[in-house]
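Novice: Sequence below, structure please.
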Amino acid sequence: MNCNPVTIGEAVSAAWKRMVQVLFRPFDLTKWITWGFCIWVISCSSGSSGGSGNFPTGKTHSSGTVHSGGADSFWPKLDQLLNGTDGSFFDRMCRTFHWEPATVTLVLSLIAVLVLFGIAIAVVLLWLRGRFEFMWLHNTVRNCAEIKAPWREYRREGNSFFKGWFLISLMFVLASLLLMISVLLPFFRWIKASAAAHEALPLHFQELLIGGAVYALAIGLIGLYLWLAGTFVPPIMYRRRCGFSEGLHLFNRFLRQAPGQFIKFILMHTLIFLLFGIAIVSAVCLTCCILAIPLMIPFVGTVVLLPIHVFDRYFSLEFLARLTPEFDLFPPPEPVAGPAMTEPPLIEEATQDQQEEK
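Specialist: Residues are numbered from 1 along each chain as shown. Here you go, the predicted structure:
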């Protein structure tokens, strides 16, 4: 299975024409809502939520807060916390910051429950993404607006994608944490040594800068690979009706055979969506931010931007079809009916009848 060179401009043009054809000729509101719902569910799995904490600072008169004594008391307290030997780290932390152990235990328990709840929600959204990826593919490839039929038909592929993507996401998170710890390890050592010396020691910024650059490069490359895999593995699974491992194996083979073609895809995709972003910002400014109101509403904004999402999917499918024609997901165009053919006069039969009469 060889990869062919792709004329990226042809893929862009074909994707744009197909998007205009299926969304506006004719305009079907049911299709827009159905497709927008699929994209919205898929995009929910890539959303993130964060929290912030309040660090106790300043002087207070409450027994449960920190009484800051200025810079002179910072390093000794930090030394007691990091390098002390009296009791566990938890006990030293409570004594250093004047916190009640029961209160800290309760707060940590609540944080653990919230983290577990967030993980459970993320897993459910990831499962929904696996199912809706193939529903979205089914509708865009066949130009229909179905929910129940593709949900049942591609159940095996969707569940397989969920399991495989869950494992890859877990590996990515663990690798990111290990890389971050390795990069910040010199900083942690500096903090501990400065606390023991009760003063700020010279810090080697070169190590942090080099480590940060390596971390950013590694995370960027891994993230780019995951984006490509998330874009092309579902269409491969859809075409082959195979599991995630086989789809990922085929994608890796294509990536090894034609890395230059995928680089062209990435560059063109970046350029196009940069132009889309400029166009959206310009439209928001020209409408005095009125357009920003529907764009910020969940699901409504997805429907408003549906042409961009549809073009994005068609662009990747057109690219894949030109890279390996075996993975052309689109059905062949229906033959155009020609003018009706009229039967020629039966001259020979009439001549034979005349000869028989004679």
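Novice: Please make it C-alpha for all contacts and neighbour counts, starting now.
Specialist: Will do.
Novice: gap between stretch 217-231 and the chain center?
Specialist: 10 Å (Cα atoms, centre = their mean, to the nearest Å).
Novice: An error on my part: the question was meant for stretch 235-255.
Specialist: Its chain's C-alpha centre and that of stretch 235-255 lie 18 Å apart, by Cα atoms, centre = their mean.
Novice: average pLDDT across it?
Specialist: Computed over stretch 235-255, the mean pLDDT rounds to 95.
Novice: Pull the residues that contact that stretch.
Specialist: 3, 134, 137, 156-157, 160-161, 164, 229, 232-234, 262, 317, 327, 329 (Cα atoms under 8 Å, 6 or more residues apart in numbering).
Novice: Name the residues of that stretch that come out as buried.
Specialist: Buried residues in stretch 235-255, defined by neighbour count with 16 or more other Cα atoms under 10 Å: 235-238, 242-244, 247-248, 250-252, 254-255.
Novice: elements contacting the strand or helix carrying L317?
Specialist: Take DSSP states H and E as the rule and L317 turns out to sit in helix 306-323. Judged by 3 or more Cα pairs under 8 Å, 6 or more residues apart in numbering; DSSP states H and E, helix 306-323 is in contact with helix 8-24, helix 29-44, helix 205-240.
Novice: Can you show me the CA trace of that helix as PDB?
Specialist: Only the C-alpha atoms of helix 306-323 are listed here, as PDB (Å, rounded to 0.1, in the frame of the first residue of the first chain):
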ATOM      1  CA  LEU A 306     -20.600  24.600  11.100                       C
ATOM      2  CA  PRO A 307     -19.200  25.400   7.600                       C
ATOM      3  CA  ILE A 308     -15.700  25.700   9.100                       C
ATOM      4  CA  HIS A 309     -16.000  22.400  10.900                       C
ATOM      5  CA  VAL A 310     -17.400  20.600   7.800                       C
ATOM      6  CA  PHE A 311     -14.600  22.000   5.700                       C
ATOM      7  CA  ASP A 312     -12.100  20.800   8.200                       C
ATOM      8  CA  ARG A 313     -13.400  17.300   8.100                       C
ATOM      9  CA  TYR A 314     -13.700  17.300   4.300                       C
ATOM     10  CA  PHE A 315     -10.200  18.600   3.900                       C
ATOM     11  CA  SER A 316      -8.700  15.700   5.900                       C
ATOM     12  CA  LEU A 317     -10.900  13.200   3.900                       C
ATOM     13  CA  GLU A 318      -9.900  14.600   0.600                       C
ATOM     14  CA  PHE A 319      -6.300  14.600   1.600                       C
ATOM     15  CA  LEU A 320      -6.500  10.900   2.700                       C
ATOM     16  CA  ALA A 321      -8.300  10.000  -0.500                       C
ATOM     17  CA  ARG A 322      -5.500  11.500  -2.600                       C
ATOM     18  CA  LEU A 323      -2.800  10.000  -0.400                       C
END
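Novice: For that helix, give me every contacting residue.
Specialist: So helix 306-323 is contacted by 3-6, 8, 11-12, 14-16, 18-20, 23, 32, 35-36, 39, 140, 231-232, 235, 265, 276, 327-329 (Cα under 8 Å, 6+ apart).
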